[in-house]
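Q: Fold the following.
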Amino acid sequence: QVQLVESGGGLVQAGGSLRLSCAASGRTFSSDIMAWFRQTPGKEREFITAIRWSGGTTYYKDSLKGRFTISRDNAKNTVYLGMNSLKPEDTAVYYCAADRIYGVTNVMDWSKYAYWGQGTQVTVSS
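A: Below is the predicted model of the structure:
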């Protein structure tokens with residue numbers, strides 16, 4: 001059974017940094033894309049970034065590239081989301097997702113992912 005467990009969320013002041021973790025278990029993820037999305041009430045889940053386990057190809061939402069960085073630790077089966085220069089509008093529930101997905105359009109589409117973590121709240125105060 002695939003499990004994704006996020007951690008690292010919390011309250012941070014504007015301009016600050018956080019690093020979220022997503023620990024994956026339950027199968028071999030070498031063929032998977034691991035992605036981060038976020039969601040605020042009443043809005044659709046928003047793509048942030050993704051990384052392919054095998055090879056490490058990364059994908060970013062253009063507007064967030066530069067402030068947000070994805071990385072992985074293969075030995076720990078863990079993916080990280082580094083967030084810098086945080087703004088109040090970054091406040092959201094952050095989710096990690098996994099699935100065997102190909103194609104940039106599909107990678108950025110939350111509806112293509114079968115496996116999700118429980119989410120972790122990030123709140124950025126002004």
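
Q: and residue 75, which of the three is it?
A: helix (DSSP: H, G, I helix; E, B strand; the rest coil).

Q: where's it relative to residue 23, distance?
A: Residue 75 sits 12 Å away from residue 23, going by CB to CB, to the nearest Å. Any C-beta I mention is one placed from the backbone N, CA and C, and that applies to glycine too.

Q: element containing the nearest residue to residue 72 once chain neighbours are set aside, please.
A: What sits nearest to residue 72 in space, not counting adjacent residues and going by CB to CB, 6 or more residues apart in numbering, is residue 79, at 4.8 Å. Using DSSP states H and E, the element containing residue 79 is strand 78-83.

Q: ok, the helix or strand following that strand: who's next to it in the sheet?
A: As assigned by DSSP H and E, the chain's next helix or strand after strand 78-83 is strand 92-99. Here strand 92-99 is paired, per DSSP bridges, with strand 33-39 (antiparallel), strand 115-116 (antiparallel), strand 120-125 (antiparallel).

Q: Deepest in the core, which of those is it.
A: Scoring the strands paired with strand 92-99 by mean neighbour count under mean count of other CB atoms under 10 Å gives strand 33-39 as the most buried, with a mean of 24.
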